[in-house]
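Visitor: Below is the structure, and that's it, no one-letter string:
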Ligand code: ATP
Ligand code: MG
């Protein structure tokens, strides 16, 4: 008898020729989550993975649930492929539970096993009824479904937990996420990472207008994202000088749009240096003055790479629900300001004209400001095991 985790994977079986590559990435991500489990190993089974030798089963299951590409998982017991071992184990597993209704579901993937699936169900179900008083069979609405899978070994489990789904990170390139301390951008990063895209985060930091706690908050968000997205490198960009320059030299109503154009230029510069193929933001149409279609167009105009905005069509409420589900919400609502209110115009233009904005920017030495910010950028990497750890 051996305790293990049975892992089912999702969409990657569709990928035909790429399958070995996808599986390699998936295994790599699962292994990362086993950093404090020296005995644990990931083994490929037929249509499944088995994680064996785990000490702290609950903690590891919680981590593996967040791996993109994993569809569902079950804590399972493996026994030899022998019906008396199977039924003894079945009784053992049910013994601790409060008696209720159950059914047995059997799958015989190994056709050499001498009993058919219905025969296994009958034998195991009968044995439970004989040995455990109070249990009743209900094939339609059982409270407990005991599954018996006969494969390389016989696996028994009565719990299947849904996992993150999506595709293994790193199978669809790399994108740079503009990560603020808010609710939306972590959700945007999660959504793109779910499609297999590796994420690096870019945070614009306006010290001393925003302080250390605000920066720590963003780093915490990156850490939370890395539980799903694998290693997340955070680029912390010094942004104060740019904001001051814009504030002093440009029309007040245009501050936000011009500031966002700088963010995009710098993020693109970092992405080009770091082999990123796209930028990601947490913008949604009409949410604030800087997120009108015209404003989005004005920010897009300064970059050549695609800009993904996965929450573009979502209501705040919908975004918040995802944030709660993935566990970033509590951190996002901590009350640290993200960009100082000093730099927020009282009457922002909501329909910026590109030519006007470009004219207003002419007084700034854009190239030098962008370069200086990139040169002053600091990096921290998070992975499943915590802070400062590289890939
Ligand atoms: P969020 O909840 O993600 O902060 P928001 O609704 O507050 O979004 P804005 O503050 O207008 O919206 O920012 C829009 C997007 O610009 C953010 O989702 C994020 O991608 C990016 N962004 C804003 N501020 C920063 C920052 N300081 N550093 C990095 N990216 C930022
Ligand atoms: Mg914000």
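Guide: Nice, thanks for sending it over. Only a predicted model underlies this, so the values are computations on that prediction, with no experimental measurement involved. Ligands and ions are numbered 1, 2, ... in the order given.

Visitor: For ligand 2, see how far away residue 283 is.
Guide: The gap separating residue 283 from ligand 2 is 10 Å, by Cβ to the ion, to the nearest Å. (C-beta placed from N, C-alpha, C; glycine too.)

Visitor: Would you verify that residue 216 is located in a strand?
Guide: No: for residue 216, which was evaluated using DSSP: H, G, I helix; E, B strand; the rest coil, the result is helix, with no strand membership.

Visitor: Sketch out the low-pLDDT regions of the chain for me.
Guide: Low-confidence segments of the chain, defined by pLDDT under 70, span residues 11-17, 337-342, 387-391.

Visitor: any idea which strand is longest in it?
Guide: Of all the segments assigned as strand in the chain under DSSP state E, the longest by residue count is strand 70-79.

Visitor: from the chain's centre, how far out does that one sit?
Guide: Here the centre of mass of C-alpha atoms in strand 70-79, compared against the chain's by Cα atoms, centre = their mean, to the nearest Å, lies 21 Å away.

Visitor: same deal with stretch 300-315?
Guide: On the basis of Cα atoms, centre = their mean, stretch 300-315 is displaced by 19 Å from the centre of the chain it belongs to.

Visitor: Which positions in it come out as buried?
Guide: 300, 302, 303, 305, 307, 308, 309, 310, 311, 314 (16 or more other Cβ atoms under 10 Å).

Visitor: that older thread, gap between the helix or strand following the longest strand of the chain and the chain center?
Guide: Using DSSP states H and E, the helix or strand that follows strand 70-79 towards the C-terminus is helix 83-95. A distance of 37 Å separates the centroid of the chain from that of helix 83-95, by Cα atoms, centre = their mean.

Visitor: Beyond helix 83-95, next helix or strand please.
Guide: Using DSSP H and E, the helix or strand that directly follows helix 83-95 along the chain is strand 101-108.

Visitor: same for whichever helix or strand comes after that next one, what does it pack against?
Guide: Using DSSP H and E, the helix or strand that follows strand 101-108 towards the C-terminus is helix 117-131. For helix 117-131, the helices and strands in contact under the criterion 3 or more Cβ pairs under 8 Å, 6 or more residues apart in numbering; DSSP states H and E are helix 83-95, strand 101-108, strand 144-150.

Visitor: Which elements pack onto the strand or helix carrying residue 5?
Guide: Secondary structure from DSSP H and E places residue 5 in strand 2-9. Strand 2-9 sits against helix 19-32, strand 49-52, helix 57-64, strand 70-79, strand 154-157, with contacts defined as 3+ Cβ pairs under 8 Å, 6+ apart.

Visitor: hmm, back to that, can you list the strands that the longest strand of the chain pairs with?
Guide: The strands beside strand 70-79 in its sheet (DSSP bridges) come out as strand 2-9 (antiparallel), strand 154-157 (antiparallel), strand 161-162 (antiparallel).

Visitor: Dump the helices and strands packed on strand 2-9 into CSV; add distance to residue 215 as well.
Guide: Compiled in CSV, those are given as follows (distance: least, Cβ to Cβ, whole Å):
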stretch, distance to residue 215
helix 19-32, 25
strand 49-52, 36
helix 57-64, 26
strand 70-79, 32
strand 154-157, 44
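
Visitor: Please name whichever of the ones you listed is nearest to ligand 1.
Guide: Among the helices and strands packed on strand 2-9, helix 19-32 comes nearest to ligand 1, with 24.5 Å by Cβ to the nearest ligand atom.

Visitor: Return the set of buried residues in that closest one.
Guide: By 16+ other Cβ under 10 Å, the buried positions in helix 19-32 come out as 22, 23, 25, 26, 27, 28, 29, 30, 31, 32.

Visitor: Can you list the neighbours in contact with the next helix or strand after it?
Guide: Taking DSSP H and E as the definition, the helix or strand that follows helix 19-32 towards the C-terminus is strand 41-44. The contact list for strand 41-44, computed with Cβ atoms under 8 Å, 6 or more residues apart in numbering, reads 23, 27, 30, 31, 34, 49, 50, 51, 52, 53.
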